[in-house]
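S.K.: Quick one: sequence plus predicted model below, questions after.
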Amino acid sequence: TTVQSVDTNSPRPPKKRVSMMGERIRVKGPRLSQENVVTVRETFLPPSMSLVEFFKKDQHVDTSNMFEVDSDCEETLDDDGDDPEDFSCYSWFLMRLMSVLYVQDKILSFLTDIGISSSDLAGMSPLLASSMKTLDGWAENLLEQLEESFPEGCPPDLLPPLTPGYSLQQSLADPNCSPFRQHTQTSLQARVLWHKLATETPISDHLQTKEPEVMGEEPSSHGVRTAFRGTDGVSSFSCYQNRVSMMVVTTLREILEIDVKTCMDRDRGVKEEGNEEGSSAPFVIISNEDNKPRKNPLTLEQPSGSMNTDSGVEVFNQILKRQESGVRCSTSHSDLPLYLTGNTDGYVKLWEFGYPHHLAKYGLSGTRGRVTSVRFGPLGAKFGLADTNGAIGLWHTTVSSLTPYCVLNCHDRATRDFSFLGSASVLASVGSSSNNRNVVIWDTLLPPSECAVKKFQAHEMGAMVCSYSPKRQVLISAGSKGDVCIFDVRQRKLQHMFTAHDSAIRSMCLSPDEELYFTGSSEGDIKSWSFGGAGGDQHSFSFSDGHKSTKLFSNLPGGSLKGVMKLHVDSTNHLVSCGADGEVKIRLLSNI
């Protein structure tokens, strides 16, 4: 390429126009001649090494001032602790495991940013899918080796005394808090790696000691534990997907964020931290600040709350409490620490775990009905609401616009629930219609007059809830007369239907492996069902002590709460339920 430039040795500036005091003055200058034109030619210089070679090359890092030891903590750097050259010690086992988990987390976050689901990874990138399977195998092997080599769990002298006033994760991120405390260069390098992993990954989740099981205790009925009990009926709850013990509980008066890790650990046979004198395990701590995305004085850890229940005294940590009336439903994001709440005034609010104020407020234009359901899309990039006016509104999570990009008029009486069918553009709605077409499949990419792909006549008195199974490609809907319908989404036909309860079904959920699904009725009982194909689904077991209906909360805003309001099975195989009795109950399914 040729670039023309002006010789800087020219005695006068080039001709230009100058505006002074509102008048345009023309400044004369010399004309450019061929002598003032300089020709520049660009040549390509190849790089001396590739990017791969550059990153593989050993980089010199100055660690002289990276970990300056305070005078108060100088005694912690001694000859105690693990030997950095002993790669069979507990610390190295733990760091190898956390390194694998760190890589997995970075890959999954990258796939989420570019909009690729983990279920579609095998078809889009077989090499990356096989790499993820290899990482999963490494993580499982390291966990097995860690349990076999250290059956007693984390050694009590692994870490020095923790920093006063800090949580466990904050203390682990402190450069002076490391299991490698020798004055050697090898120990310094090991401390650098430990500090990196402790900062980037929740390493405190793996610092759990195994206490001996207490013999002679009779398990409670069906292994049920009451994680929360309030004075008002619980309308809904949602769990933070990356930390299932942290959940938000909503009533018709307030929103509470709690941590029920103690309750879940006791289900697994792990005792909560003892209060006996002489306890030498300072790192068995229920911390509330490990995964907080924002630091705010209002979100500091508050004293634990306790309650007396039939199965003993349960403990939960209350993280945050908001006064918000009329909340009827909630849902959490699949990856981010976000959740939605739907109110009786027709608005949906977006919240962040640990942050006291809502991030955004969404609603349909015109006359708004009471919000009956809120859901995020499969990847969390979209979300929607359903209301009693029969409409469904859809928004983009990452777009700041409060106007919905799509509004569907689904049912002329009311829309009770909806579910995304494997994609954020295809969904199913259930509700009440005058023509008895109470289950409809929609494709939002089609024109408005053609977006209703299939309408089913089902549930004589109207449909209440629905769930979709991606593994089996079936849609499950439940009605106000206790009937359940199974639809084949691929063939768009009704497979079979049966009566599951004697009263209306108000909640439904699937197990993580999609082998079971659970239904909760307005009378308070919970039942489990296994898929049986064309011959009908099989009843596995039931809980008669779910959540009994009550008339105590019938005069509160938004109407009465009846029976089981929501069901959810998390990744740790816990069945969580809430209802009109004001309780949130947790059942470990493996104990049943």
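M.R.: Received the coordinates, thanks. Everything quoted here is computed from the prediction, not taken from an experiment.

S.K.: From now on I want contacts and neighbour counts done on CA atoms only, so please keep to that.
M.R.: OK.

S.K.: Tyr355 in helix, strand or coil?
M.R.: coil (DSSP: H, G, I helix; E, B strand; the rest coil).

S.K.: now it: how far from Ser238?
M.R.: Separation of Tyr355 from Ser238 (Cα to Cα, to the nearest Å) stands at 16 Å.

S.K.: go on, Glu583?
M.R.: For Glu583, the distance to Ser238 (Cα to Cα) stands at 14 Å.

S.K.: swap in Val192?
M.R.: According to Cα to Cα, Val192 stands 37 Å off from Ser238.

S.K.: Those two: who's more crowded?
M.R.: A count of neighbours by other Cα atoms under 10 Å puts Ser238 above the other of Val192 and Ser238, at 24 against 18.

S.K.: Tell me the strands beside the helix or strand that contains that one, with direction?
M.R.: Per DSSP states H and E, Ser238 falls inside strand 234-240. Taking DSSP bridges as the criterion, strand 234-240 forms sheet pairs with strand 243-251 (antiparallel).

S.K.: Tabulate the CA atom coordinates of the strand it pairs with in PDB.
M.R.: Only the C-alpha atoms of strand 243-251 are listed here, as PDB (Å, rounded to 0.1, in the frame of the first residue of the first chain):
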ATOM      1  CA  ARG A 243     -24.800 -24.000  45.600                       C
ATOM      2  CA  VAL A 244     -28.000 -25.900  46.200                       C
ATOM      3  CA  SER A 245     -27.900 -25.300  50.000                       C
ATOM      4  CA  MET A 246     -28.500 -21.600  49.400                       C
ATOM      5  CA  MET A 247     -32.200 -20.900  48.600                       C
ATOM      6  CA  VAL A 248     -34.700 -18.100  48.500                       C
ATOM      7  CA  VAL A 249     -38.000 -18.600  50.300                       C
ATOM      8  CA  THR A 250     -41.000 -16.400  49.400                       C
ATOM      9  CA  THR A 251     -44.100 -15.800  51.400                       C
END
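
S.K.: Make residue 1 into 57 and carry on from there
M.R.: With the count now opening at 57, the last piece we talked about shows up as strand 299-307.

S.K.: so for it, what's the average pLDDT?
M.R.: The pLDDT scores in strand 299-307 average 89.

S.K.: which residues in the stretch 257-406 of the chain form helices?
M.R.: Using DSSP state H, counting those that start in this stretch, the helices of the stretch 257-406 of the chain run over 317-323.

S.K.: So what's the predicted local confidence for Gly289?
M.R.: pLDDT at Gly289 comes out at 86.

S.K.: show me the contacts for it.
M.R.: Taking Cα atoms under 8 Å, 6 or more residues apart in numbering, we find Gly289 in contact with 307-308, 609, 617, 635-639.

S.K.: In strands only, show me these.
M.R.: Counting by DSSP state E, the contacts of Gly289 place 307, 635, 639 in strands.

S.K.: next one: phi and psi at the nearest residue to Phe599 once chain neighbours are set aside?
M.R.: Nearest residue to Phe599 in three dimensions, chain neighbours excluded: Ile582, at 5.0 Å (Cα to Cα, 6 or more residues apart in numbering). Dihedral pair for Ile582: phi -120, psi 130, per degrees, to the nearest 10.
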